[in-house]
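Visitor: need coordinates for the below:
(chains A and B)
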Amino acid sequence: MTIGSVPVKFRISVDHDQCMLCGRCVENCPYDVFRKENDAIHVNSRKCVACHRCIAMCPRDAISIKERPIDYRSHPVWTTGVREAIYNQARTGKIILAGMGNAQPYPVIFDQLLLDACQVTNPSIDPLREPMELRTYIGKKPSKLEFLQKNGDLDLITYLAPNLQLEAPIMIGHMSYGAISLNAQQSLARAVSEIGTFMGTGEGGLHQSLYPYQAHMIVQVASGRFGVDIDYLERGAAIEIKIGQGAKPGLGGHLPGEKICADVSRTRMIPEGSDAISPAPHHDIYSIEDLKQLVRSLKEATEWKKPVFVKIAAVHNSAAIAAGIARSGADAVVVDGFRGGTGAAPRVFRDHVGIPIEAAVASVDAKLRSQGIRNEVSIIASGGIRESADVAKVIALGADAVYIGTAALVAMGCRVCGTCYRGLCPWGIATQRPDLVARLDPDVASRNVANLIHAWTLELSELIGAAGINSIESLRGNRDRLRAYLLDESIMRVLDVKPVGA
Amino acid sequence: MMYRNIDARGMHYTPLNRAIREAVASGVNTIEIEQVMGQRFIADGLRGDVSITIHGVPGGDLGMFMSGPTLIVHGNCEHAPGNTMDDGTIIIHGSAGDATAHSIRGGKVFVRDDIGYRGGIHMKQYLEKSPVLVVGGVFRAFLGEFMAGGLILVLGRNSRAPIRERGIGSGIHGGRIIIRGDVEERYLGVGAKKTDLSDAELTAIFPLIREFGNHFGIDPEPFRHDPYVQITPSSSRPFANKYTWE
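Guide: The predicted structure follows:
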């Protein structure tokens, strides 16, 4: 009793006048918040995670959830989060595991950047009338083109490295089968195939049911090498070496044995119920030279037909690291900012390690340009891309394309409750429990995800058209199209962006 | 038998691998490569029923992602032969560098002499696929680190005790490491435990020792009467108690 109960995080109330005792809340809540007794719905608020499944399913809007109904005495330093972490660790002596992305209220740089639009002298372009080019190629670009002149014909003799052709500069990042359900992966795969873009497999292998979409899948090779064999490498449209992840830079991954069901076990090629441990480093990479060797081993295994990406977490020295990656023979560098999501990460890493994607992309782009090697790699920005404006802004800061993760999950129903690590996702996304997985209908969910990417693509066309640009390539690294609103001078210098009014 | 001889002198690894692939595709099942001098990635991602004899010293990642072939090396190997190998056999008449058989998921690697640091790191097994690494000599630190399946057997030939380095089986959560002679507890890594190998268990693995002997012309019989220890996970869930929910 030294510490006792902490206040409930959420208080649920049922409006019994509205409630018709249909029991949908009882059926839908995997956390056992609701029970039906004596012709009334009773609740245990303490079990609630605010996933909103009950709210979504209640036909009478009879349920309401109040966050933090009883709060601690307010204090700017000893916040609720800080106090509860101490109680938790005082009880358990363990590392606190958390879900989704960074939950600290750090300022969002995107929200301090404003986009440009044309007026009078340089007319804006109407996407309804003019073709807008959003097609994006990911991969190495030659520094020059050489031709051979023969009987009046010109033959290109420059070697062109394989590139991925994206119909919009938006891809879906790596979320493995295991971290998310097969229905979730299938929904994403169908959406990217329909749109003409790509998604990552994560480090969980490629399930057989995804083979029809393999031309739109980027297969991942991470430190655990789960599910990696020559067949897997050959199926992917591209191969991504995962070095780090924005949600937990410097750490590996750890899929607990409970989530290794028969099917996940087959796809990862490990026994059922055993922990899948991806160590922090790759055991064959201890330097940029070693990274070069892994990049080349993957290219050699697939006969130099596939682009190879390298994904790093955005950290203090991202720019120098990316310059090394550009020289390793990799075709793209993925920079994952500190707001990147995850199924599970130590809270202390999720909230305190890494840097924002905006600053990382700007500095990586600037470094590669200053060394004359920007054409050697494409830059893919990920971690905290929430809407089309973020896509436009990060491209203007130097990215070629983005990976979205959380946004695609939200399109499938995710409410960002951040409880993915429990494996009980009521939306059928971050779970392997068959009854929960069955709730996610790939016919509907794939439509939702495709709609989202399509809508962002339309907005991007409008945004660049308004800026008098008819090709996404002309926005790339075009910092003149950005202005900083209330950012300090040092950040503006890193971003290479002028203040509003300048 | 269809035979092909390849002279690798001065050859980059890409044309060398292309020559190997073309030979295998044309039905060649026995290849001999002469003058190998540090070419990396030999037989990288190679499939097929083919035996490749390598004369010289191949570079890193020999037989990486390989699925089926047999590689016989007359010389030493650089780091990570058998890296993420799927199936097949690698027989090394010499020593091998660090991370030998790294993340191997099937097939066998035989090293006549010694291996470097982190041998057999993150080996894993699944159903009928259970990889084997047999080392005739000694190893450096962190043997079988993060090991998740398969078998590492160290014979320590020409030495009374093959181990004088720490971190054996650090983070091991599957598979087993068998070492001839004894291993002091202080050399075991986190999550590893040691037991004696019973006579029945030795009998069960003896065919591997015989196979090792056959590859290198070494009499296996003297190994039959020595004591062995085996190192296995103290738990298949080494990190199960590390976390609490937010």
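
Visitor: near residue 229, how many other residues are there?
Guide: All of this is about chain A. 22 (other CB atoms under 10 Å in any protein chain shown). Glycine gets a C-beta too; all of them are placed from N, C-alpha and C.

Visitor: my question was about chain B
Guide: When counting by other CB under 10 Å, one arrives at 18 neighbours for B:Val229.

Visitor: okay, how far is it across stretch A:370-382, tip to tip?
Guide: Start to finish, the residues bounding stretch A:370-382 are 23 Å apart (CA to CA, to the nearest Å).

Visitor: now do it, average pLDDT.
Guide: For stretch A:370-382, mean pLDDT is 97.

Visitor: what do you get for stretch A:170-181?
Guide: Averaging pLDDT along stretch A:170-181 yields 96.

Visitor: roughly how far is the longest helix anywhere in chain A from the heart of the chain?
Guide: Secondary structure of chain A per DSSP state H: the longest helix is helix A:442-466. Computed by CA atoms, centre = their mean, to the nearest Å, the chain-centroid distance of helix A:442-466 equals 16 Å.

Visitor: and what of stretch B:163-176?
Guide: Centroid separation between stretch B:163-176 and its chain, computed with CA atoms, centre = their mean, is 15 Å.

Visitor: thinking again about what came up before, what's the helix or strand following the longest helix of chain A in contact with?
Guide: Using DSSP states H and E, the helix or strand that follows helix A:442-466 towards the C-terminus is strand A:482-484. Applying CB atoms under 8 Å, 6 or more residues apart in numbering or on different chains, the external contacts of strand A:482-484 come out as A:112-116, A:393, A:396-397, A:491-492, A:495, A:497-502.

Visitor: separate out the buried members of those residues.
Guide: A:112-113, A:115-116, A:393, A:396-397, A:491-492, A:495, A:497 (16 or more other CB atoms under 10 Å in any protein chain shown).

Visitor: can you pull the contacts of residue 18?
Guide: Unless you meant another one, I'm taking chain A. If you count contacts by CB under 8 Å, 6+ apart, A:Gln18 has them with A:60-62.

Visitor: not quite, I wanted chain B
Guide: Neighbour list for B:Arg18: A:Glu303 [criterion: CB under 8 Å, 6+ apart].

Visitor: any idea how far the strand or helix carrying it is from the chain center?
Guide: Element membership for B:Arg18, per DSSP H and E: helix B:13-25. Here helix B:13-25 is found 24 Å from its chain centre; the criterion is CA atoms, centre = their mean.

Visitor: same question, stretch B:97-107
Guide: Relative to the centre of its chain, stretch B:97-107 is centred 5 Å away, using CA atoms, centre = their mean.

Visitor: and it, how far apart are its ends?
Guide: Stretch B:97-107 stretches 19 Å from its first residue to its last (CA to CA).

Visitor: same question for that stretch, mean pLDDT?
Guide: Stretch B:97-107 carries an average pLDDT of 97.

Visitor: and that stretch with chain A, contact?
Guide: Yes - shown here: stretch B:97-107 in contact with chain A (CB under 8 Å from any CB of the partner chain) through B:99, B:102-103, B:105.

Visitor: could you pull up phi and psi at the residue of chain B found nearest chain A?
Guide: Closest to chain A within chain B is B:Gly45: 3.1 Å, counting by CB to the nearest CB. For B:Gly45, the backbone dihedrals are phi 70, psi 10 (criterion: degrees, to the nearest 10).

Visitor: which residues sit in contact with it?
Guide: Counting by CB under 8 Å, 6+ apart, B:Gly45 makes contact with A:230, A:233-234, A:300-302, B:64-67.

Visitor: try A:Pro162
Guide: By CB under 8 Å, 6+ apart, the contact list for A:Pro162 reads A:139, A:304-307, A:331.

Visitor: hmm, try it at 10 Å
Guide: By CB atoms under 10 Å, 6 or more residues apart in numbering or on different chains, A:Pro162 lies in contact with A:138-140, A:237-238, A:299, A:302, A:304-308, A:331.

Visitor: ok, A:Pro123 next?
Guide: So A:Pro123 contacts A:Gly468 (CB under 10 Å, 6+ apart).

Visitor: what is the burial count for the residue of the stretch 301-450 of chain A at minimum distance from chain B?
Guide: Nearest residue of the stretch 301-450 of chain A to chain B: A:Ala301, at 3.1 Å (CB to the nearest CB). Neighbourhood size, A:Ala301 [other CB under 10 Å]: 25.

Visitor: show me what counts as buried in the longest helix of chain A.
Guide: Under 16+ other CB under 10 Å, the buried positions of helix A:442-466 are A:442, A:445-447, A:449-450, A:452-453, A:456-457, A:460-466.

Visitor: show me where the stretch 1-150 of chain A has its strands.
Guide: A:10-14, A:34-37, A:40-43, A:63-67, A:95-98, A:113-115, A:136-138, A:147-150 (DSSP state E, counting those that start in this stretch).

Visitor: what would those look like in a markdown table with mean pLDDT?
Guide: Listed next are those as a markdown table, based on pLDDT from 0 to 100:
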| stretch | mean pLDDT |
| --- | --- |
| strand A:10-14 | 97 |
| strand A:34-37 | 96 |
| strand A:40-43 | 97 |
| strand A:63-67 | 97 |
| strand A:95-98 | 94 |
| strand A:113-115 | 98 |
| strand A:136-138 | 98 |
| strand A:147-150 | 92 |
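
Visitor: of the ones you listed, which is nearest chain B?
Guide: Between chain B and those, the tightest spacing by CB to the nearest CB is seen for strand A:95-98, at 4.1 Å.

Visitor: and that closest one with chain B, contact?
Guide: Yes - against chain B, strand A:95-98 shows contacts by CB under 10 Å from any CB of the partner chain at A:95-98.

Visitor: which of those tops the neighbour count?
Guide: That'd be A:Ala98 among the residues of strand A:95-98 next to chain B, by other CB under 10 Å, with 27 neighbours.

Visitor: residues contacting that residue?
Guide: A:Ala98 makes contact with A:85, A:247-248, A:342, A:344-351, A:418-421, B:243, B:245-246, according to CB under 10 Å, 6+ apart.

Visitor: okay, the strand or helix carrying A:Phe309 in PDB with CA atoms only?
Guide: Assigned by DSSP H and E, A:Phe309 falls within strand A:308-313. Included here for strand A:308-313 are C-alpha records, laid out as PDB according to Å, rounded to 0.1, in the frame of the first residue of the first chain:
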ATOM      1  CA  VAL A 308      19.300  -1.200 -52.200                       C
ATOM      2  CA  PHE A 309      18.100   1.300 -49.600                       C
ATOM      3  CA  VAL A 310      19.700   1.900 -46.200                       C
ATOM      4  CA  LYS A 311      17.500   3.100 -43.400                       C
ATOM      5  CA  ILE A 312      18.900   5.100 -40.400                       C
ATOM      6  CA  ALA A 313      17.400   6.800 -37.500                       C
END
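
Visitor: output the contacting helices and strands for the helix or strand following that strand.
Guide: Downstream of strand A:308-313, the first helix or strand assigned by DSSP H and E is helix A:318-326. Using 3 or more CB pairs under 10 Å, 6 or more residues apart in numbering or on different chains; DSSP states H and E, the elements in contact with helix A:318-326 are helix A:288-301, strand A:308-313, strand A:332-336, helix A:357-370.
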